[in-house]
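In: build the 3D model from these lines:
(2 chains)
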Protein chains: 2
Amino acid sequence: MSIRIREVGLDFSFEPILQRAKQDLNDTLALVRPILDQVREGGDKAVYELTEKFDRIKPEKLVYPVSGWNGKADPELVSALEKAKENIETFHKAQIPADLDVNVSGNTLGIRYTPIESVTVYAPGGKALYPSTILMGVIPAKIAGVKHIQIVTPPQKDGIPDGLYAAAKIAGADAIVTVGGAQGIAAASYGTETISRSEFVIGPGNKFVTAAKVLLSGQGVIGIDSPAGPSEVLVIADDSANPNWVAADLLSQAEHGEDSAAILCTNSMEFAKKVSEEIDKALKERPKRESIKRASIENESWILVFPNLEECVNFSNLYAPEHLEIQTKNYQELFKKIKHAGSVFLGPYSPVAMGDYISGTNHILPTAGGSRIFSSLGVLTFLKRVTYQEVTRDSLEKLYPYVKVLSEFEGLDEEHGNSVKVRLSWNGKS
Amino acid sequence: MSIRIREVGLDFSFEPILQRAKQDLNDTLALVRPILDQVREGGDKAVYELTEKFDRIKPEKLVYPVSGWNGKADPELVSALEKAKENIETFHKAQIPADLDVNVSGNTLGIRYTPIESVTVYAPGGKALYPSTILMGVIPAKIAGVKHIQIVTPPQKDGIPDGLYAAAKIAGADAIVTVGGAQGIAAASYGTETISRSEFVIGPGNKFVTAAKVLLSGQGVIGIDSPAGPSEVLVIADDSANPNWVAADLLSQAEHGEDSAAILCTNSMEFAKKVSEEIDKALKERPKRESIKRASIENESWILVFPNLEECVNFSNLYAPEHLEIQTKNYQELFKKIKHAGSVFLGPYSPVAMGDYISGTNHILPTAGGSRIFSSLGVLTFLKRVTYQEVTRDSLEKLYPYVKVLSEFEGLDEEHGNSVKVRLSWNGKS
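Out: Predicted coordinates for the structure are as follows:
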């Protein structure tokens, strides 16, 4: 079976494609709830029990300060992580916002940015051990001025892999906590005897991790980044693009997991067929993770042929992809019309893998259409806007009549209105 | 009974004060769940049924376009709302962020801000009809470029009050939807035959409204502002402040509701006692809403006497108040040490009521300690950061070795790594 090609006409229904493989969390929420309670009440003891139950591992301890690392790691990996850090830092330092200070009706009004104090970056373990995600989560928090940053990650039989330690050290994290799944999120959110509590928890994870994040943020225990779902790419390409490269980019998304979605939107049926052929050829030539790639390509992915590129853009704005590539002659023009996307990759030499690893943009992005309302992860994720004002007596006097009218209408004149009036009528006696 | 005064010593436990009157949503969530399902499945019909059940009102229709308003309203109120709008606009237009464009390792990386498309501002009804909140919710969304903005508010026996219509018109909202409580939030989040679906829902409400927002955002149906709880003020004052004015400010918070908290932190027991006396006097002299004010002052409020102002600031950062007033000699110095607060009011002439109504800052703010991780409402609430990059062939070549190492370590070299390599080794044949 190949990727599905569809010519988009008036009778074409986007609904199934827009829906994508959305996680239904309802059953998982019910499973996760007692785990959260157990960790909140039992602390470390509960965490050890749950780790033995779910990971079949008995760890000696749960928290490993990064400062205690022995420094052993593959020098090539270290050098690649350091290059990635350099680019991520350059792009993210440019995001540091300036404080604001405005004169409005004679008063000074402003905004000061202050950092969240404690952050947990969840990093999936096992086969999906991604040091790159540690850089992406930790570096922006560090630049924002977060004081305590810990990595929470499932325990592994042979201890913490060197690559993970190296990434944590290079990124600037304080500690690695080896507790996975919902119990890891719970331990980081409530804190235990040995695990620090974090006020904000970010990073991708399986459905247990997502369910725990959703429940705890709903209860006001933590703040979270946008809810994570399967990864996805949408490519807009015309026949000026290289079908071999576009096929490589679609497969690079498919490589992530069976539920990943790779969508090509084009204005050329001929081009669509060429890309489909390139995918078939590649699946034979590069058999690693074949069943994962096939499942993603055959069940979650599409090539959609639209009458023109304008309609490709319209569909993309509806779909609101996590990753968007534009490989057309006029890619800058089309980009101006893009309203919703996590991160956009422009022109022939910008495959998503560049942003995943090295170019400097963040790869923690809203999925499942979340980019219609959520931002990509950045320095601002970890900064809050504190507004302030200093009112002058003169302005207080000029604006009081309006406060009087508004507070009377809202039935709050006796105290709200009075708190302004009393400052004007003050004669030294109360 | 008067407000409680406590001298803070080593044995003093802040925990009960930090906890404040936190809403336990668990029971409410269970009540709200079936209401959400009913509206999702039944649309308008369900909304009419629930409105009759909970509000005992049979509305003729549910949606009132603001353009259809007859324009009748008290001219004094209109002029006050227009002045408020002017100041809110000036402060919020200054918040429009600049797009970003950075050269990193030879590539162009950047951020473009794009608006959320549809927003609902929930406005409580009945006695707590606050036109000011409509300005605060709608104007920043309008400035951000949100296309469709609707007010959702409980139905009233005599139809939509003129003041509410006036505020909606002046703020620039598109429509008023007269459905309250959880059913109002559900109708706005799912959409019905006559009610537009919004992707983002903001604004204060009772516990049913909050529970509905939490559930729907947890399910990924909508985005929301920070969870709302009872209103609160923390005042830091020394004996240079006017005890009469400070008492007025504390009572102005108490006027909001029985669960509102008003906290004074000071370094002077003498000043503390004076403020307490002023509160007692005021409660006798200004008896409106007396039982509400008394409940808040006696059960939720405190005067805390610390050894020095530094420790007042430390406590304030722990408490993370929604509103913070600093009325001390060196208020600018103390303000520099503030890390967490919704909005800060500096000096003797900046009572909270100025920000509530007229100065131009937003009064939709994180409560219940939420300012440790959440921002005050602003233009950025409605804008998302879309990152982008354009990579050059030259940079692709220079950075490929790092992509190779990282993708190999993560087991994603065959496709992620390949998608870069294929662009470099391309010889015209696939």
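In: around chain B, pick out the residues from the stretch 151-300 of chain A.
Out: Residues of the stretch 151-300 of chain A lying close to chain B (CB under 8 Å from any CB of the partner chain) are A:163, A:199-200, A:214-215, A:217-220, A:222-223, A:227, A:242-245, A:248-249, A:251-252, A:254-256, A:278, A:281, A:286, A:288-289, A:293. For the C-beta atoms, the positions are set from N, CA and C on the backbone; glycine is no exception.
In: which of these fall within helices?
Out: A:163, A:214-215, A:217-218, A:243-245, A:248-249, A:251-252, A:254, A:278, A:281, A:293 (DSSP state H).
In: buried subset of the residues of the stretch 151-300 of chain A next to chain B?
Out: Neighbour counting by 16 or more other CB atoms under 10 Å in any protein chain shown classes A:163, A:199-200, A:214-215, A:217-220, A:222-223, A:227, A:242-245, A:248-249, A:251-252, A:254-256, A:278, A:286, A:289, A:293 among those as buried.
In: what residues of stretch A:52-70 count as buried?
Out: A:54-55, A:59, A:62-64, A:66, A:69.
In: next up, the contacts around A:Phe306.
Out: A:8, A:265-267, A:312, A:315 (CB atoms under 8 Å, 6 or more residues apart in numbering or on different chains).
In: mind putting those residues into CSV with secondary structure and pLDDT?
Out: Below are the contacts of A:Phe306 laid out as CSV (DSSP: H, G, I helix; E, B strand; the rest coil; pLDDT from 0 to 100):
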residue, secondary structure, pLDDT
A:Val8, coil, 91
A:Cys265, strand, 98
A:Thr266, strand, 98
A:Asn267, coil, 97
A:Cys312, helix, 97
A:Phe315, helix, 96
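In: nearest to chain B, of those residues?
Out: Nearest to chain B among the contacts of A:Phe306: A:Phe315, at 15.4 Å, using CB to the nearest CB.
In: what's around that closest one, how many residues?
Out: Residue neighbour count, defined by other CB atoms under 10 Å in any protein chain shown, stands at 19 for A:Phe315.
In: could you pull out the helices for the stretch 1-150 of chain A?
Out: With helices called from DSSP state H, counting those that start in this stretch, the stretch 1-150 of chain A shows them at A:15-19, A:26-55, A:75-93, A:131-144.
In: including distance to B:Asp27 and mean pLDDT, could those helices go into JSON lines?
Out: What follows is those, written out as JSON lines (distance: least, CB to CB, whole Å; pLDDT from 0 to 100):
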{"stretch": "helix A:15-19", "distance to B:Asp27": "33", "mean pLDDT": "86"}
{"stretch": "helix A:26-55", "distance to B:Asp27": "15", "mean pLDDT": "94"}
{"stretch": "helix A:75-93", "distance to B:Asp27": "43", "mean pLDDT": "97"}
{"stretch": "helix A:131-144", "distance to B:Asp27": "35", "mean pLDDT": "96"}
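In: redo those as TSV? Include distance to B:Asp44.
Out: Shown next, in TSV, are these (distance: least, CB to CB, whole Å):
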stretch	distance to B:Asp44
helix A:15-19	22
helix A:26-55	26
helix A:75-93	47
helix A:131-144	44
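In: packing partners of the lowest-mean-pLDDT helix or strand in chain A?
Out: Lowest on mean pLDDT, DSSP states H and E among the helices and strands of chain A sits helix A:15-19, with a mean of 86. Using 3 or more CB pairs under 8 Å, 6 or more residues apart in numbering or on different chains; DSSP states H and E, the elements in contact with helix A:15-19 are helix A:309-319.
In: who does the helix or strand that the helix it packs on is followed by pair up with?
Out: Following helix A:309-319 in sequence order, the next helix or strand is strand A:323-327 (DSSP states H and E). Strand A:323-327 has its sheet partners listed here by DSSP bridges as strand A:232-237 (parallel), strand A:343-346 (parallel).
In: turn the ones you listed into TSV, columns for mean pLDDT.
Out: Shown next, in TSV, are the strands paired with strand A:323-327 (pLDDT from 0 to 100):
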stretch	mean pLDDT
strand A:232-237	97
strand A:343-346	98
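In: just send the ones you listed back as a markdown table, with mean neighbour count too.
Out: Output for these, formatted as a markdown table (neighbours: other CB atoms under 10 Å in any protein chain shown):
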| stretch | mean neighbour count |
| --- | --- |
| strand A:232-237 | 27 |
| strand A:343-346 | 26 |
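In: got a markdown table for those, with distance to A:Val119 too?
Out: Formatted as a markdown table, the strands paired with strand A:323-327 follow (distance: least, CB to CB, whole Å):
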| stretch | distance to A:Val119 |
| --- | --- |
| strand A:232-237 | 26 |
| strand A:343-346 | 21 |
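In: right, and those - which one's nearest B:Val386?
Out: strand A:343-346 (6.4 Å; CB to CB).
In: got the CA positions of the closest one in PDB?
Out: Taking C-alpha atoms only, strand A:343-346 is exported to PDB below (Å, rounded to 0.1, in the frame of the first residue of the first chain):
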ATOM      1  CA  SER A 343       7.300  26.300  13.200                       C
ATOM      2  CA  VAL A 344       7.700  27.100   9.500                       C
ATOM      3  CA  PHE A 345      10.500  25.800   7.200                       C
ATOM      4  CA  LEU A 346      11.000  27.900   4.100                       C
END
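In: can you list the neighbours in contact with it?
Out: A:322-326, A:331-332, A:335, A:338, A:351-352, A:354-355, A:361-363, A:365, A:376, B:386-391.
In: widest-spaced pair of the ones in helices among the residues of the stretch 151-300 of chain A next to chain B?
Out: A:Gly218 and A:Lys281 (47.1 Å).
In: who touches A:Asp99 in this structure?
Out: A:110-113.
In: appreciated, that's everything.
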